[in-house]
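Asks: Curious how this folds, go ahead:
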Amino acid sequence: MDRETRVFAESHFRGLEGRLPSRVCLKLDRVDFIEKPDSFSYADFFKGYLLPNLPCVFSSAFTEDWGSRRLWVTPSGKPNFDYLLQNYGDVVVPVANCGVQEYNSNPKEHMPLRDYISYWKEYIQGNYSSSRGCLYLKDWHLCRDFSTEDVFTLPIYFSSDWLNEYWDALDVDDYRFVYMGPTGTWSPFHADIFRSFSWSVNICGRKKWFFFPPGQEDALRDRHGGLPYDVTSPSLLDSRLHPTRDGCGPPLEVTQEAGEMVFVPSGWHHQVHNLEDTISINHNWVNGCNLANMWHFLQQELHAVQQEVIEWRDAMPDWHHHCQVIMKSCSGINFEEFYHFLKIIAERRLLLLAKGMSPGQAEGGADTGLGPQQAAFDIGRIAEVLESVVVHPDFQRVDTSTFSPRPEVLLQQLKEAVAATTSL
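Replies: From the prediction side, this is the model:
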């Protein structure tokens with residue numbers, strides 16, 4: 001990030017005046033297609049898509065050097081089952097059954113990759129049908145357990161990735177996934193975890209995406225307030241079941257070809273169908289541009305938990321603490337962990353500025369080119385959100401006596417850093 005881009009971004013957030021970035025959306029009738037890597041900079045992406053929270057598609061030229069596009073795919077463009085079996089056959093992977101609805105998702109099981117590929121081959125031979133159902137390998141944490149040197153190269157546009165930076169620092173988990181499945185597999189209607197951004201690259205195959213800008217999903221709710229499972233279902237046209245359906249415009253539709261890369265903005269609900277036998281690599285990520293969305297989402301999640309157990313508020317000792325425990329069990333994070341997430345990213349950015357290093361050099365890795373201006377921008381965004389966190393009544397009920405530094409101390413450090421970097 002250069003200084004001009006940082007100034008532009010800071011002006012953008014001042015102009016929002018407290019509104020959520022995801023809720024400020026222009027009327028769109030198409031999704032932009034980015035053709036040439038050499039004429040599209042990080043600043044172009046940051047200003048044109050990340051800040052305004054708009055989807056786009058990158059051409060296959062952006063991923064043509066990826067090892068997975070050579071090694072995981074046959075010359076005819078199909079999944080290279082032999083290579084996958086040889087290198088990952090014994091790995092246990094999560095598999096969803098697309099033919100069974102479990103709430104607004106699908107039930108999952110785990111099996112060795114070789115068993116899934118055996119099923120996949122049989123599914124193809126059976127004219128894309130099986131008594132076992134339509135099985136989709138989803139959310140395989142390949143990057144957590146294997147070197148990705150010969151798999152993919154993280155695009156510069158997505159390299160400010162706090163979510164995976166945080167989990168990598170803890171060496172516990174990540175939000176980097178591989179999906180693979182036959183024609184007809186699909187992901188039901190959803191918005192991404194924590195209201196994160198995501199990117200998705202087809203290593204082979206084709207996908208059909210249905211995008212709905214933030215807020216449009218509310219018009220799709222049924223009479224009980226529930227979101228649809230499948231936005232292509234004819235039942236959505238029944239005004240008795242979906243009385244506000246007419247308030248939602250048509251989705252933005254994208255057909256993603258092999259090698260192409262889709263950027264999914266924060267808070268955009270979407271549904272995805274595999275039009276061919278498809279393998280994709282997908283990352284969820286959070287940074288300063290959608291941090292406020294994540295914080296708003298967590299507040300909503302806690303409120304939903306509290307409403308579910310409100311009748312036990314007076315009878316249950318430590319009711320507020322139990323709500324946080326339930327929230328973490330359901331959402332994967334609560335207010336305490338959100339603070340630690342902010343703290344780790346903040347401390348790393350403060351250290352980078354103190355050393356005059358760029359975020360890409362934080363652990364001796366290759367320079368991402370984002371530089372100290374990105375670190376200064378990140379600190380400003382963390383400070384703004386943390387200021388909201390520390391005054392939230394439910395965060396004030398969290399025991400922070402063992403936190404180091406205390407939230408108020410960290411906030412003061414960030415404010416001082418913001419002031420010191422004004423002229424950077």
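
Asks: Going by C-alpha atoms from here, please, whenever you check contacts or count neighbours.
Replies: Fine.

Asks: And the helix or strand hosting T255, what does it pack against?
Replies: T255 is part of strand 252-256, with elements assigned from DSSP states H and E. Based on contacts counted as 3 or more CA pairs under 8 Å, 6 or more residues apart in numbering; DSSP states H and E, the elements that strand 252-256 packs against are strand 207-212.

Asks: could you give me the average pLDDT of the strand it packs on?
Replies: Across strand 207-212, pLDDT averages out at 98.

Asks: How about stretch 403-422?
Replies: If you average the pLDDT over stretch 403-422, you get 96.

Asks: One more: stretch 325-332?
Replies: In this model, stretch 325-332 has a mean pLDDT of 95.

Asks: cool, and stretch 262-278?
Replies: In the prediction, stretch 262-278 has an average pLDDT of 98.

Asks: Mind exporting the C-alpha coordinates of that stretch to PDB?
Replies: Output in PDB follows, covering the C-alpha atoms of stretch 262-278 (Å, rounded to 0.1, in the frame of the first residue of the first chain):
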ATOM      1  CA  VAL A 262     -13.700 -14.900  -7.700                       C
ATOM      2  CA  PHE A 263     -13.600 -12.200  -5.000                       C
ATOM      3  CA  VAL A 264     -16.500 -12.500  -2.600                       C
ATOM      4  CA  PRO A 265     -17.100  -9.300  -0.600                       C
ATOM      5  CA  SER A 266     -18.100  -9.100   3.000                       C
ATOM      6  CA  GLY A 267     -21.700  -9.800   3.900                       C
ATOM      7  CA  TRP A 268     -22.800 -10.800   0.300                       C
ATOM      8  CA  HIS A 269     -25.000 -13.900   0.500                       C
ATOM      9  CA  HIS A 270     -24.400 -16.300  -2.300                       C
ATOM     10  CA  GLN A 271     -25.100 -19.800  -3.600                       C
ATOM     11  CA  VAL A 272     -22.700 -21.800  -5.700                       C
ATOM     12  CA  HIS A 273     -23.200 -24.800  -8.100                       C
ATOM     13  CA  ASN A 274     -20.500 -26.900  -9.800                       C
ATOM     14  CA  LEU A 275     -21.400 -27.200 -13.500                       C
ATOM     15  CA  GLU A 276     -18.600 -29.700 -14.100                       C
ATOM     16  CA  ASP A 277     -16.300 -31.900 -12.100                       C
ATOM     17  CA  THR A 278     -14.600 -29.200 -10.200                       C
END
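
Asks: List the buried residues for that stretch?
Replies: Residues of stretch 262-278 classed as buried by neighbour count (16 or more other CA atoms under 10 Å): 262-278.

Asks: what's the offset of stretch 128-146 from the middle of its chain?
Replies: Between the mean C-alpha point of stretch 128-146 and the mean C-alpha point of its chain there is a distance of 19 Å (CA atoms, centre = their mean, to the nearest Å).

Asks: Buried ones in that stretch, by neighbour count?
Replies: Under the neighbour-count criterion of 16+ other CA under 10 Å, stretch 128-146 has C134, L135, Y136, L137, K138, D139, W140, H141, L142, C143, R144 buried.

Asks: out of those residues, who's nearest L20?
Replies: Of all the buried residues of stretch 128-146, D139 has the smallest distance to L20: 28.3 Å, by CA to CA.

Asks: Can you list the strands that whatever helix or strand the closest one lives in pairs with?
Replies: Here D139 sits within strand 135-140, counting by DSSP H and E. Neighbouring strands of strand 135-140 in its sheet, by DSSP bridges, are strand 92-97 (antiparallel), strand 176-181 (antiparallel).

Asks: possible to save those strands as TSV with mean pLDDT?
Replies: As requested, those are arranged in TSV below (pLDDT from 0 to 100):
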stretch	mean pLDDT
strand 92-97	98
strand 176-181	98
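
Asks: so can I have TSV of those strands showing mean neighbour count?
Replies: As requested, the strands paired with strand 135-140 are arranged in TSV below (neighbours: other CA atoms under 10 Å):
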stretch	mean neighbour count
strand 92-97	20
strand 176-181	22
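
Asks: Those strands: which one's closest to E311?
Replies: Nearest to E311 among these is strand 92-97; the distance by CA to CA comes to 35.2 Å.
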